[in-house]
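# The following comprises the amino acid sequence and a computationally predicted model.
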Amino acid sequence: MIISLISQKGGVGKSALARLLAVEVARAGWAVKIADLDPAQGTSTKWKARRDQAELHPEVAVEKYRTVDRAIKEAERFDLMILDGPAHAEQGGRVMAQNSDLVLMPTGYSLDDMEPQIEAAYELEDAGVPSDRIFFCFCRAKGSDAEDRAARTYLGKARMNVLEPTFPELASIRQGHAEGRAASEVPFPKVQAKAIAVAQAIMNRLPGVKEAA
């Protein structure tokens, strides 16, 4: 199976979601790999190096790929390949989405975050990606319940699917990432629970998967 993380902007949480999913799926016994498709930044690759240095388990495979096609071919060797795409993916993003079982569109609450992602989702639908494979996920979310409701209403009017749990923006998660951990591995049970809920909601959207994370 393949999950793509696509965004028209950087810094909205693609790599954070990729790390979370990879760790939780590996814990469930799946063979999983993150394809780091942003060679300029290499965010997931650098996180992998920190994780290996800290000797954290489970081990998570991460590799830089120069092309989407190569990453997709490698997906056959794994139960789950997570395509961590670059910002402004455009053509590469379409190829990623067309070959994916699930497409995640991370976004914040602001219109500056949501509007480019909505436009990108429409472009994916026009390229033949079924709308029921495309899901928005609020990431790095800081705001009131009212702001959350307003953002969900906005996406609903745009006909977008939205995951219920949100991926929070917290200092403990940032510190965890700096140590090679995923959000579900920080030493705070409430934060762990929120992160695991996001991973479970994502995995439940994969065809034929009810509980994997």
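Cool, got the structure.

# Can you identify each of the helices in this structure by residue range?
Ranges of helices within the chain are 14-27, 43-53, 68-74, 91-98, 111-126, 145-157, 171-178, 189-203, based on DSSP state H.

# Remind me what the longest one packs against, helices and strands.
This points to helix 111-126. Other elements packing on helix 111-126 under the criterion 3 or more CB pairs under 8 Å, 6 or more residues apart in numbering; DSSP states H and E are strand 2-7, helix 91-98, strand 102-107, strand 134-141, helix 145-157. From N, CA and C alone the C-beta is placed, and that goes for glycine too.

# Next, the residues that contact the second one from outside, please.
Put plainly, it is helix 91-98. Residues outside helix 91-98 that contact it (CB atoms under 8 Å, 6 or more residues apart in numbering) are 4, 6, 37, 68-69, 72, 83, 85-86, 89, 103, 120, 123-124, 127-129, 133-134.

# Kindly reformat the helices of the chain as a markdown table containing mean neighbour count, mean pLDDT and distance to residue 163.
Shown next, in a markdown table, are the helices of the chain (neighbours: other CB atoms under 10 Å; pLDDT from 0 to 100; distance: least, CB to CB, whole Å):
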| stretch | mean neighbour count | mean pLDDT | distance to residue 163 |
| --- | --- | --- | --- |
| helix 14-27 | 26 | 96 | 10 |
| helix 43-53 | 18 | 95 | 21 |
| helix 68-74 | 17 | 95 | 24 |
| helix 91-98 | 20 | 88 | 17 |
| helix 111-126 | 17 | 95 | 13 |
| helix 145-157 | 13 | 96 | 10 |
| helix 171-178 | 16 | 96 | 17 |
| helix 189-203 | 19 | 96 | 5 |
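
# need these in a markdown table with distance to residue 138, can you?
A markdown table is the format used below for these (distance: least, CB to CB, whole Å):
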| stretch | distance to residue 138 |
| --- | --- |
| helix 14-27 | 11 |
| helix 43-53 | 20 |
| helix 68-74 | 26 |
| helix 91-98 | 20 |
| helix 111-126 | 9 |
| helix 145-157 | 7 |
| helix 171-178 | 14 |
| helix 189-203 | 9 |
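
# So for residue 139, which of these sits nearest?
Using CB to CB as the measure, helix 14-27 is the one of those that comes nearest residue 139, at 6.4 Å.

# ok now the closest one, how far from the chain's centre?
Relative to its chain's centre, helix 14-27 lies at 8 Å (CA atoms, centre = their mean, to the nearest Å).

# Send me it as CSV with only the CA atoms.
Written as CSV, here are the backbone C-alpha positions of helix 14-27 (Å, rounded to 0.1, in the frame of the first residue of the first chain):
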residue,chain,number,x,y,z
LYS,A,14,4.0,16.3,6.1
SER,A,15,7.1,14.9,7.6
ALA,A,16,5.7,14.9,11.1
LEU,A,17,2.8,12.8,9.8
ALA,A,18,5.1,10.5,7.9
ARG,A,19,7.2,9.8,11.0
LEU,A,20,4.2,9.2,13.2
LEU,A,21,2.6,6.7,10.7
ALA,A,22,5.9,4.9,10.1
VAL,A,23,6.6,4.3,13.8
GLU,A,24,3.0,3.2,14.6
VAL,A,25,2.8,0.9,11.6
ALA,A,26,6.2,-0.6,12.4
ARG,A,27,5.0,-1.2,15.9
